[in-house]
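Participant: Let me see the structure of the following:
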Amino acid sequence: MSIGSFIEVQPLPTTPKSRRNLGAIATNVDVNKLSDADFEVLRQALYTHQVVVLKGQAAATPKAQYELTKRFDPTSDSYGHGKTLDAKRSVLHPDLKTIPHQPQVQVIGNGFLEEFEGLKNITLKHPHHKTFHKTAIPDAEDLDFTRFYRWHIDAALYGLNPPKVTTLMAVKVPAGRTQTLRYDDGTGDEMSVPLGTTAFVSGYEMYDILSDEDKEFARTTKVQYAPHPYIWMSGAKSNSTGLGLVSEGLEIPKNELPEIEEDKICVLPMCWKNPLTGRLALQVHPSAVEKLILKDGSVVDDLIEVRRRVYELQRPGIAPDLVFSHDWEEGDFVLFNNQGVLHSVVGAFAPEEVRVFRQCNLAASEAPLAP
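Facilitator: Now for the predicted structure:
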């Protein structure tokens, strides 16, 4: 606790079966009325614990959500995915609706709403792995079993810097059941998850568990992302773990993408430095990767090899005992360090199960800190 603030921050408990060091709960918070001292407590908590759950925030307004998100990067303003949502071919297009009176805040979820924050007669669609994965869980098992949909960083990865922070506000949450999440990659890995959880893994832990050789590779390698990546990947399918794509030559050809501006192509280091602790996170959006630029300047542009190498580096970091799957309650307001964690949508809903969330992130005013 910091002088001038009554906010209490407690790390989330772990279990004997968990290696996870990720997440905290903050109490005595009012998102609508945050002092400078309150914000500093939340900032330190975020960069220490990476995911911070603020309980009991049902009254938090979209304006307050935007203002808190912006406070982490005061000169940022544009939505983190830019104009991606307007592109009909983008894999993100069906998933998000924009709040008219606060356009930096998006609505995500599942089910029909007659009215919400100025939106009328909208149908929200929770992403389902069968629309994106190469293989799928059989329909008969759909309500009992699920997968990670897509491990990712919130970022346009074309013309804009990755947002520093994403905020998620749970407005309506279906209650009751759990699902068994299967990796379906031959390892036998699985875990029990709450319905509609958001899954997080730490990029810092993902880096820390690498061999010394792989750490050196990660520290000295840059990633080049595909131009208009969410359109480029729209014809391809994901691995069953939700970690990267299967290489079948189904990416949209460059000559069929919107006009490509070379100076907007995104090249970022594999590792990003925590601004508070200095720790390094292995931060790669595995589905959007196109090329690797090595320490000596040579370029790996064989997409099969690029994806294989990134998968080998990231797969240990999504092991079940490293995943934090948040059990959402209505009024939960979650901050996460978008430059230090990967996250994934999870779950399969019945049509009558309504889920309503608000999301906000803003393209950063500067590139992530390099090693």
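Participant: Show me the helices in this protein, by range?
Facilitator: Per DSSP state H, the chain carries helices over the ranges 36-49, 62-71, 203-208, 212-220, 229-232, 303-314.
Participant: would TSV of those with distance to residue 251 be doable?
Facilitator: Every residue, glycine included, has its C-beta placed from N, CA and C. Compiled in TSV, the helices of the chain are given as follows (distance: least, CB to CB, whole Å):
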stretch	distance to residue 251
helix 36-49	35
helix 62-71	32
helix 203-208	25
helix 212-220	24
helix 229-232	5
helix 303-314	8
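Participant: Residue 253 is nearest to which of these?
Facilitator: Ranking these by proximity to residue 253 (CB to CB) places helix 229-232 first, at 9.0 Å.
Participant: What residues sit buried inside that closest one?
Facilitator: Counting neighbours by 16 or more other CB atoms under 10 Å, one finds that the buried residues in helix 229-232 are 229-232.
Participant: What is the distance between that helix and the centre of its chain?
Facilitator: With CA atoms, centre = their mean, to the nearest Å as the basis, helix 229-232 stands 17 Å off its chain's centre.
Participant: ditto for stretch 234-244
Facilitator: Average the C-alpha atoms of stretch 234-244, do the same for its chain, and the two points are 15 Å apart (CA atoms, centre = their mean).
Participant: If you count neighbours, what's buried in that stretch?
Facilitator: For stretch 234-244, burial by neighbour count (16+ other CB under 10 Å) applies to 234, 236-244.
Participant: Low-confidence ranges, the stretch 51-200 of the chain, go.
Facilitator: Filtered on pLDDT under 70, the stretch 51-200 of the chain yields the residue ranges 79-89, 92-95.
Participant: What distance do you get for residue 105 to residue 331?
Facilitator: Counting by CB to CB, to the nearest Å, the separation of residue 105 from residue 331 is 17 Å.
Participant: out of those two, which sits in the busier spot?
Facilitator: More crowded of residue 105 and residue 331, by other CB atoms under 10 Å: residue 105, with 22 against 16.
Participant: Does the more buried one touch residue 65 like I think?
Facilitator: Yes: using CB atoms under 8 Å, residue 105 is in contact with residue 65, at 5.8 Å.
Participant: Mutual contacts of the two, please.
Facilitator: Taking CB atoms under 8 Å, 6 or more residues apart in numbering as the criterion, residue 105 and residue 65 both touch 358, 360.
Participant: what residues are up against residue 9?
Facilitator: Here residue 9 is in contact with 1, 24-26, 41, 45, 49, 52 (CB under 8 Å, 6+ apart).
Participant: mind running it again at 7 Å?
Facilitator: By CB atoms under 7 Å, 6 or more residues apart in numbering, the residues touching residue 9 are 24, 26, 41, 45.
Participant: Could you report the pLDDT at the closest residue to it other than its chain neighbours?
Facilitator: Distance criterion CB to CB, 6 or more residues apart in numbering; nearest residue to residue 9, sequence neighbours excluded, is residue 45 at 4.5 Å. Confidence at residue 45, expressed as pLDDT, is 97.
Participant: Can you give me the distance of residue 45 to residue 64?
Facilitator: Taking CB to CB, one finds residue 45 at 18 Å from residue 64.
Participant: So for these two, which sits in the more crowded spot?
Facilitator: A direct count of neighbours by other CB under 10 Å for residue 45 and residue 64 places residue 45 higher, at 23 against 20.
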